[in-house]
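Student: compute the structure for the input listed below.
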Amino acid sequence: MKKQIDFTSGGIVLPLLKFVGPVLFALFLQSMYGAVDLMIVGKFAMAADVSAVSTGAQIMMTLTGLISSLAMGMTILIGEKIGEKKPEEGGRFVGGGIVLFIIIGILMTLLTVLLAPQLAGIMHAPDEAFACTTDYIRICGGGTLVIIAYNLIGSIFRGLGDSGTPLMTVFIACVCNIAGDLFLVAGLGMGTRGAAIATVAAQFVSVVISLLIIRRRELPFQLSRASVRFDLRIIRLILFLGTPIALQDLLVGISFLVIMAIVNSLGLISSAGVGVAEKVCAFIMLVPMSFMQSMSAFVAQNKGAGKSDRAVRGLLYAIGISTLFGVAMFFLAFFRGDLLAGIFANDAEVIAAAALYLKAYAIDCLLTCFLFCFVGFFTGMEYTRFVMVQGILGAFAVRIPVAFLMSRRVPVSLFLIGLATPCSTLLQITLCFVCFAMWRRREGGNKAF
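Tutor: Numbering: from 1, shown residues only. Presented below is the predicted three-dimensional model:
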């Protein structure tokens, strides 16, 4: 059996870093997975295709994030059972979760395939890119069940303290996606359609190979056909913990879609430029994102073991380490955004637009080191409703209003529109500190301080 990491005893930094490493690399490959589409389309197709892929991918990323966030309910519950030294009970949670996500997958498939034109219209996809955007959404939407299975595997094993298996699934998908993009987009000239087909096909291959490998492993729980059933109690537990996170991520994702729609209304160059910048952001945010996912598993295990002081120490170490990387990413994104954008596009105007937008995101690199670690901490502690509230407030009280107001200034500046994101992060960090102080008082103080 692949060794799982026990976060409840021994040192903190080394086990945490051992877990974070594969998570970070998996997120890097996941970002590469999405970036390859845009990179190859940007090199071998037109600006309209770049706009279509960036807009369509943003929609699919929002829906995928919804699934991943909902699956966090399983990650938390499995992590707690590991901390309680009852891993055998995990099989029932996994079986009930599979049934739940099959139902969700069927519904999402129908909605995305049937409503693809409406979704492209809501996003104000430029006229030149409207048909391509619709095709991308429809093709990726048709593979929703595959996308769900792909993300579910990662959620289950992170809850077990195993970050290596999710890394393996992402690596397989990334390699297959690169091969598919090169063949369909660069080789056959299929543009947006080729990128979408490659995305779904790569995840399908990854799921099949991953399941074959997993079947050969000894797991700390038993998963039989009898476990895969509609267990209302288990489904309620998963939804109780996962729904607030999923709703928060959905609404936050919608806020970014609104910003994309605002930018799309400014023209094709702005649309393509921000699309390129968003792909770059997926890379410069990798370290805080990896700590957010890792903190959820770390804290869930320590909560199950009744070691909240250890969970807090883990939070402090995570913030300190991710801040070091955040400073480096700030300087890179603020001063060399054009170099980063040039990886994904050839058009000088698109690169200039992306670099301008990245200057604002560079500021967010300094802030998300705190925010993402706090979100992971509160998620592991089952404070998922707070996670939902702070995310929604940041998105709808700050991010969207600021982006809208900045888009009305003349002349329009993508830098000012981009400032909406760090502004919202400031509010969210403030809320996290307040909630953390209240939690400490309720816990009766903390030795780590």
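
Student: show me where the stretch 251-400 of the chain has helices.
Tutor: Listed in chain order, the helices of the stretch 251-400 of the chain (DSSP state H, counting those that start in this stretch) span 268-284, 286-304, 308-335, 337-341, 348-380, 384-393, 400-407.

Student: dump those helices into TSV; add mean neighbour count, distance to Met60 and mean pLDDT as well.
Tutor: Bear in mind the C-beta positions are built from the backbone N, C-alpha and C, glycine included. Below are the helices of the stretch 251-400 of the chain laid out as TSV (neighbours: other CB atoms under 10 Å; distance: least, CB to CB, whole Å; pLDDT from 0 to 100):
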stretch	mean neighbour count	distance to Met60	mean pLDDT
helix 268-284	26	13	79
helix 286-304	27	18	81
helix 308-335	19	24	88
helix 337-341	19	22	84
helix 348-380	24	20	88
helix 384-393	21	20	87
helix 400-407	18	21	87
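
Student: now render these as TSV, adding distance to Tyr150.
Tutor: Shown next, in TSV, are the helices of the stretch 251-400 of the chain (distance: least, CB to CB, whole Å):
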stretch	distance to Tyr150
helix 268-284	17
helix 286-304	15
helix 308-335	26
helix 337-341	27
helix 348-380	21
helix 384-393	23
helix 400-407	30
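
Student: Thr421 is nearest to which of the ones you listed?
Tutor: helix 348-380 (5.1 Å; CB to CB).

Student: centre of the chain versus the closest one, how much separation?
Tutor: Here helix 348-380 is found 13 Å from its chain centre; the criterion is CA atoms, centre = their mean, to the nearest Å.

Student: what of stretch 269-279?
Tutor: Stretch 269-279 sits 18 Å away from the centroid of its parent chain (CA atoms, centre = their mean).

Student: what comes into contact with it?
Tutor: Contact with stretch 269-279 is made by 31, 34-35, 38-39, 42, 47, 50-51, 53-55, 57-58, 126, 129, 256, 259-260, 263-264, 337, 341, 344-345, 347, 349-358, 361, 414, 418, as judged by CB atoms under 8 Å, 6 or more residues apart in numbering.

Student: what's the angle from the helix or strand harbouring Ile147 to helix 286-304?
Tutor: Secondary structure from DSSP states H and E places Ile147 in helix 144-159. Angle of helix 144-159 versus helix 286-304, following axes from the mean of the first three to the mean of the last three CA atoms, to 10 degrees, is 60 degrees.

Student: so after helix 144-159, what's the next helix or strand?
Tutor: Downstream of helix 144-159, the first helix or strand assigned by DSSP H and E is helix 164-181.

Student: chain center to that following helix, what's the gap?
Tutor: That offset, for helix 164-181, works out to 16 Å (CA atoms, centre = their mean).

Student: who are the neighbours in contact with the closest residue to Thr323 other than its chain neighbours?
Tutor: Excluding the flanking residues, the one nearest Thr323 by CB to CB, 6 or more residues apart in numbering is Cys369, at 4.3 Å. Residues near Cys369 by CB under 8 Å, 6+ apart: 287-288, 319, 322-323, 325-326.

Student: rerun that using 6 Å as the cut-off
Tutor: For Cys369, the contacting residues are 288, 322-323, 326, by CB atoms under 6 Å, 6 or more residues apart in numbering.

Student: how close does it get to Leu152?
Tutor: Applying CB to CB, to the nearest Å, the value for Cys369 to Leu152 is 28 Å.

Student: ok, now Leu414?
Tutor: 36 Å.

Student: can you tell me the centre-most residue of the chain?
Tutor: Nearest to the mean C-alpha position of the chain, counting by CA atoms, centre = their mean, stands Gly65 at 5.4 Å.

Student: quick one, the host helix or strand of Val434 and helix 348-380 angle?
Tutor: Using DSSP H and E, Val434 sits within helix 420-443. Using the same axes, to 10 degrees, the inter-axis angle of helix 420-443 relative to helix 348-380 is 10 degrees.

Student: please identify the buried residues of helix 420-443?
Tutor: 420-425, 427-429, 431-432, 435-436, 439 (16 or more other CB atoms under 10 Å).

Student: would you convert those residues into a markdown table that also reports pLDDT?
Tutor: Below are those laid out as a markdown table (pLDDT from 0 to 100):
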| residue | pLDDT |
| --- | --- |
| Ala420 | 89 |
| Thr421 | 88 |
| Pro422 | 92 |
| Cys423 | 93 |
| Ser424 | 92 |
| Thr425 | 92 |
| Leu427 | 94 |
| Gln428 | 94 |
| Ile429 | 94 |
| Leu431 | 95 |
| Cys432 | 93 |
| Cys435 | 92 |
| Phe436 | 92 |
| Trp439 | 89 |
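
Student: out of those residues, who's nearest Arg310?
Tutor: Lowest distance from Arg310 to these (CB to CB) belongs to Trp439, with 14.8 Å.

Student: contact partners for that closest one?
Tutor: Counted by CB under 6 Å, 6+ apart, Trp439 has zero contacts.

Student: against Val312, how distant is it?
Tutor: In this view, Trp439 and Val312 are 9 Å apart by CB to CB.

Student: can you check Ser413 too?
Tutor: Distance, Ser413 to Val312, using CB to CB: 41 Å.

Student: before we move on, what about Lys279?
Tutor: Remark: distance between Lys279 and Val312 (CB to CB) = 35 Å.

Student: can you check Val350 too?
Tutor: Distance from Val350 to Val312, counting by CB to CB: 45 Å.

Student: check Lys18 too.
Tutor: For Lys18 relative to Val312 (CB to CB), the value is 20 Å.

Student: repeat that for Thr55.
Tutor: Noted for Thr55: a distance of 41 Å to Val312, by CB to CB.

Student: mind listing the helices for the stretch 1-150 of the chain?
Tutor: For the stretch 1-150 of the chain, the helices defined by DSSP H, counting those that start in this stretch occupy 13-44, 47-83, 90-114, 116-122, 130-142, 144-159.
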